[in-house]
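Asker: From the sequence below, what's the structure:
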Amino acid sequence: MFLNNEPVRTGIPHSFLALLVSHDAPEPGRSDTVRTPLSARWGVMHVIGLAHSTEMAKKYVGYERKAFGSTRLTDRHCIDLNLLVVFDALMAERNVTRAARNNGLSQPAMSKALNRPRHLLDDPLFERRDGRMEPTSRALELAVPIHSALSDISRTLTLNGNLDPAQVTATVRIATVVPHQSSLLPALVAELRRDAPGLDVQIRSTERHRLHDLLAMGELDVAITPPLPDVRDLRAEPLWTDELVTMIGPNSDVQLPLTLESFAAAAHVVDMGHVQVTPDGHGLSVVDSILAARGLRRRIAAALPSSAAVPFVVAATDLIGTLPRRIVSDVRGLPKIQVVPAPLPPVEVSQHLLWHPRSHYAPLRAWLRAIIKQVAAELHGVTADTRA
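Answerer: The predicted structure is shown next:
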């Protein structure tokens, strides 16, 4: 498929696109016009995300015919799925150059393509702010239904096909709130390089409170994270379970064996990947919930962006820190600190794989999730369920 005389990588066959954008109002004096099924026409309505009334919907699918002078929403030549692909790419990248590259277009062609939906909808859709193309409220309203519909089309066309990772040329974006994972991430990247050499991988360190929005907007494909407090509209699956341990440095006056009371009374260092800290210093985590249920509260004296530095802060100060055992064992050059079981009731902590339901059936994303689960299972000695 071409846009502005340049190929666009939609992954959707021309014949299927022609079906979606065809019009069935018979030409005068003719009865042999190919008729598009009603379900397909209303599929276009879902893709465009603009059918607020029956009359408006009829305009979109070409029941109304107007002369092709200036571009108008009712013009049959304006209903082009390529424009939706352009829109979706800009929502994901927020950068014209990157969006153009990912869709096989030049930057001028991408900019020109963006002008058409802007005119159709009488809305700028994206505005440049601080070096990024930020969506307008209208664009945000359209983002999810457009992305969802394009994903549905892609899934429909590949339901009976097999993904060949070795032939894939794409970019996947993975977020982790524990960026130092010195075992999982190297093994995962190595596996992806072997199986899908044409696949580019972007692994980002992301704050927990942003994960939901980034997954929902399609800016991330998956996230590897401790459980989030509210993921009702995301899919989540545990990768492995672990136990909590407490680290005590040589400068701490905490006495062993630790009790729940002495644990709560000590000053703590935490990482914001596992503990969300409120402006007034309250911690939101499984540890803090256990303490609160017993009328206790710990003082969070230091909050770090990553768990990688927690053992070293413990070694250099009088603070204590509590992390999953596997994370502590992953730290290279662990300083001279004591690592003891956390004085908490038995509780399992886990890393979860999160994704948005919209991408659940996308072949590449499903394959990626299966690979992540497989690598995690091999590293941590668990049985992998690769049905993503």
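Asker: Could you list the buried residues of the helix ranked longest in the chain?
Answerer: Secondary structure assigned by DSSP state H gives helix 137-158 as the longest helix of the chain. Burial within helix 137-158, assessed by neighbour count using 16 or more other C-beta atoms under 10 Å, is assigned to 139, 142-155. All C-beta spots, glycine's among them, are computed from the backbone N, C-alpha and C.
Asker: ok, now stretch 234-249?
Answerer: Quick answer for stretch 234-249 (16+ other C-beta under 10 Å): 234, 235, 239, 240, 242, 244, 245, 246, 247, 248, 249.
Asker: In strands, which of these appear?
Answerer: Mapping those onto strands (DSSP state E) picks out 235, 239, 240, 242, 244, 245, 246, 247, 248.
Asker: helices and strands around the strand or helix carrying residue 364, which ones?
Answerer: Per DSSP states H and E: residue 364 is located in helix 363-380. Helix 363-380 is packed against helix 137-158, strand 170-176, helix 184-195, strand 222-225, strand 235-242, strand 349-355, with contacts defined by 3 or more C-beta pairs under 8 Å, 6 or more residues apart in numbering; DSSP states H and E.
Asker: rewinding a little: please tabulate the buried residues of stretch 234-249 in JSON lines, including the columns pLDDT and distance to residue 292.
Answerer: Below are those laid out as JSON lines (pLDDT from 0 to 100; distance: C-beta to C-beta, whole Å):
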{"residue": "234", "pLDDT": "86", "distance to residue 292": "25"}
{"residue": "235", "pLDDT": "89", "distance to residue 292": "29"}
{"residue": "239", "pLDDT": "88", "distance to residue 292": "27"}
{"residue": "240", "pLDDT": "85", "distance to residue 292": "26"}
{"residue": "242", "pLDDT": "86", "distance to residue 292": "22"}
{"residue": "244", "pLDDT": "92", "distance to residue 292": "16"}
{"residue": "245", "pLDDT": "94", "distance to residue 292": "21"}
{"residue": "246", "pLDDT": "96", "distance to residue 292": "18"}
{"residue": "247", "pLDDT": "96", "distance to residue 292": "22"}
{"residue": "248", "pLDDT": "96", "distance to residue 292": "23"}
{"residue": "249", "pLDDT": "95", "distance to residue 292": "26"}
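Asker: can you list contacts of the helix or strand where residue 323 lies?
Answerer: Using DSSP H and E, residue 323 maps to strand 320-324. Identification of contacts with strand 320-324 by C-beta atoms under 8 Å, 6 or more residues apart in numbering yields 242-249, 252, 254, 263, 266-271, 274, 287, 307, 310-311, 313-314, 342, 349.
Asker: still on that earlier bit, taking helix 363-380 as reference, get the angle to the longest helix of the chain.
Answerer: 80 degrees (axes from the mean of the first three to the mean of the last three C-alpha atoms, to 10 degrees).
Asker: I'd like the distance from helix 137-158 to the chain centre, please.
Answerer: 14 Å (C-alpha atoms, centre = their mean, to the nearest Å).
Asker: For it, output the C-alpha coordinates as CSV.
Answerer: Below are the C-alpha coordinates for helix 137-158, written out as CSV (Å, rounded to 0.1, in the frame of the first residue of the first chain):
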residue,chain,number,x,y,z
SER,A,137,-7.8,15.8,23.8
ARG,A,138,-9.4,14.7,20.5
ALA,A,139,-6.5,12.5,19.6
LEU,A,140,-6.5,10.9,23.1
GLU,A,141,-10.2,10.2,22.6
LEU,A,142,-9.4,8.4,19.3
ALA,A,143,-6.2,6.6,20.3
VAL,A,144,-7.5,3.5,22.0
PRO,A,145,-10.3,2.6,19.5
ILE,A,146,-8.0,3.2,16.5
HIS,A,147,-5.2,1.1,17.9
SER,A,148,-7.5,-1.6,19.1
ALA,A,149,-9.2,-1.8,15.7
LEU,A,150,-5.9,-2.0,13.8
SER,A,151,-4.7,-4.7,16.2
ASP,A,152,-8.0,-6.6,15.6
ILE,A,153,-7.5,-6.4,11.8
SER,A,154,-3.9,-7.6,12.1
ARG,A,155,-5.0,-10.5,14.4
THR,A,156,-7.8,-11.5,12.1
LEU,A,157,-5.4,-11.8,9.2
THR,A,158,-2.9,-13.8,11.1
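Asker: could you say what helices and strands that helix packs with?
Answerer: Against helix 137-158 (3+ C-beta pairs under 8 Å, 6+ apart) you get helix 14-21, helix 38-48, helix 81-93, helix 363-380.
Asker: So for residue 277, what's the nearest residue that isn't a sequence neighbour?
Answerer: Distances taken as C-beta to C-beta, 6 or more residues apart in numbering place residue 303 nearest to residue 277, at 4.7 Å, with adjacent residues excluded.
Asker: rewinding a little: and the angle from the longest helix of the chain to helix 81-93?
Answerer: Using the same axes, to 10 degrees, helix 137-158 lies at 110 degrees relative to helix 81-93.
Asker: what residues are up against residue 243?
Answerer: 324, 325, 341, 342, 347, 348, 349.
Asker: what's the neighbour count on the first one?
Answerer: The reference is to residue 324. A count of neighbours around residue 324, defined by other C-beta atoms under 10 Å, yields 23.
Asker: hang on, the earlier thing: in a markdown table, list the helices and strands packed on helix 363-380 along with distance to residue 91.
Answerer: Listed next are the helices and strands packed on helix 363-380 as a markdown table, based on distance: least, C-beta to C-beta, whole Å:
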| stretch | distance to residue 91 |
| --- | --- |
| helix 137-158 | 5 |
| strand 170-176 | 13 |
| helix 184-195 | 25 |
| strand 222-225 | 18 |
| strand 235-242 | 21 |
| strand 349-355 | 17 |
